[in-house]
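1. Got a predicted model here, sequence first, then my questions.
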Amino acid sequence: MPAEPLILPEADADIAEAYHWLERRDAGLGKEFLRCFEAGLDTITRFPAAFSRSLESFRHYNLRRFPYVIFYDHIDEEVVVYAVFHSAQNPATMKKKLWLRKPQ
């Protein structure tokens, strides 16, 4: 059984921000986002090497139904989630945030 993924506090804040923004737009939409996020996280945990690398060599997974991307890495059999960004964000901004979040 795969280990429980580690979600960094910054990524947790990204998730909360997306949830609240979607809930303000339409009641229940934030909860659906969380369901899609959990399904994506389950897929990542079971098949961590299946998804391609992108910005700053992070792996990424595109959520179904929502324009959000989970940026993670697979380190020593552990999945670490660094960020959950809206896909319309400026790639340079995402790259900078990811670089600041990844331990050196």
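-> Yes, it's here. Residues are numbered from 1 along each chain as shown.
2. just for the chain, where's the confidence low?
-> Along the chain, the model assigns pLDDT under 70 to residues 1, 104.
3. Just give me the residue closest to the centre of it.
-> The C-alpha lying nearest the average C-alpha coordinate of the chain belongs to Ile70 (CA atoms, centre = their mean; 2.2 Å).
4. Next up, phi/psi of that one, please.
-> Taking degrees, to the nearest 10, you get phi -90, psi 120 for the backbone angles of Ile70.
5. Name the helix or strand for the closest residue to it other than its chain neighbours, please.
-> In space, and not counting its chain neighbours, Ile70 is closest to Tyr61: 4.5 Å by CB to CB, 6 or more residues apart in numbering. C-betas here are computed from N, CA, C, even on glycine. Assigned by DSSP states H and E, Tyr61 belongs to strand 59-62.
6. Show residues contacting that strand.
-> Contact with strand 59-62 is made by 40, 43-44, 48-49, 51-54, 68-74, 87, as judged by CB atoms under 8 Å, 6 or more residues apart in numbering.
7. still on that earlier bit, mind listing the residues bridging to the residue nearest to the centre of the chain?
-> Counting by DSSP bridges, Ile70 is bridged to Tyr61, Val84.
8. Can you name the residues that contact Tyr19?
-> 30-31, 33-34.
9. Might you specify the subset of those residues located within helices?
-> Among the contacts of Tyr19, DSSP state H puts 30-31, 33-34 in helices.
10. between these, which has the most around it?
-> The most crowded member of the ones in helices among the contacts of Tyr19, judged by other CB atoms under 10 Å, is Phe33 (21 neighbours).
11. so who does that one touch?
-> Neighbours of Phe33 in contact, by CB under 8 Å, 6+ apart: 18-19, 22, 63, 66, 68.
12. Mind checking which of the residues you listed land in helices?
-> Counting by DSSP H, those place 18-19, 22 in helices.
13. What separation do you get for the residue nearest to Thr43 when sequence neighbours are not counted and Pro5?
-> Nearest residue to Thr43 in three dimensions, chain neighbours excluded: Tyr61, at 7.0 Å (CB to CB, 6+ apart). Distance, Tyr61 to Pro5, by CB to CB, to the nearest Å: 11 Å.
14. Looking at the two, which has the bigger crowd around it?
-> For the pair Tyr61 and Pro5, the greater number of neighbours falls to Tyr61 (22 against 18), based on other CB under 10 Å.
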